[in-house]
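Peer 1: show me the folded form of this:
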Amino acid sequence: MFPIVRCGQKRLATVRCARLSPKDYPAGRALVLARDDREIERVLADARFGESIGLEITLPVWVRFIPQRFFGQSYGLALALADKRTRYCSYFNSARGRLIATGHMIEDGCGKVGEVAKLHDCLAAIAAEVLPGDHFVFPKANLRRVSPIETVLLEDLKRKGIEVTCIDHFNQIKELYT
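Peer 2: Next comes the predicted model:
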């Protein structure tokens, strides 16, 4: 899941990935509904940087966003997590809660995660829908410039039983998809 702010409304959106058969779709590609395939494939390529060569890295995925219309690139980290979990996890342990992420995968950044604009609005969207046991991941670059109100919102998430992690690079959260 990832936060979106649209027309003054703040809510969580969902990105889902599913495996596709490599014989039916070119290796490593993404089949995307209602989004720019090239941008999605660029995000996935940056997130997959450094993966060892093997079956999982070549698996094509089907990507679906709910809702389909939103703006910006802050969905990148959530997409990267959905892709990794689809290709590497044999099961999903719902007892761990949901994964919520915001951040963009820096182009040609070899897995680097870039900051998001309007962190305050993202945190407000998350706070409205978060459940105990959920896990929130966001860019460390945002933490370096966090406002007092954002600090309060982050502490409130932790008090609600949300695990909060900030990262610079995608490989810092391997435990979430292996």
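Peer 1: P139 contacts V113, doesn't it?
Peer 2: Yes - counting by CB atoms under 8 Å, P139 does reach V113; the two are 4.9 Å apart. Glycine gets a C-beta too; all of them are placed from N, C-alpha and C.
Peer 1: list residues touching both of those two?
Peer 2: Common neighbours of P139 and V113 (criterion: CB atoms under 8 Å, 6 or more residues apart in numbering): L77, G103, I167, D168.
Peer 1: run through the neighbouring helices and strands of the helix or strand containing W62.
Peer 2: Using DSSP states H and E, W62 maps to strand 61-66. Identification of packing neighbours for strand 61-66 by 3 or more CB pairs under 8 Å, 6 or more residues apart in numbering; DSSP states H and E yields strand 9-19, strand 30-32, helix 76-88.
Peer 1: pick the most deeply packed of these.
Peer 2: helix 76-88 (a mean of 23; mean count of other CB atoms under 10 Å).
Peer 1: for the nearest residue to K118 once chain neighbours are set aside, list the residues it contacts.
Peer 2: Leaving aside its chain neighbours, K118 sits nearest to V5 (6.3 Å; criterion: CB to CB, 6 or more residues apart in numbering). Residues in contact with V5 (CB under 8 Å, 6+ apart) are K118, D121, C122, A125.
Peer 1: quick one on the thing from earlier: go through the strand holding W62 and flag the buried ones.
Peer 2: Going by neighbour count (16 or more other CB atoms under 10 Å), the buried part of strand 61-66 is V61, V63, R64, F65.
Peer 1: pick out the lowest-pLDDT one from those.
Peer 2: Among the buried residues of strand 61-66, V61 has the lowest pLDDT, at 88.
Peer 1: enumerate every residue touching it.
Peer 2: C17, A18, R19, L20, A30, L31, L44, D83, T86, R87.
Peer 1: bridging residues for it?
Peer 2: R19, A30 (DSSP bridges).
Peer 1: so which of the helices and strands packed on strand 61-66 is nearest R144?
Peer 2: helix 76-88 (16.7 Å; CB to CB).
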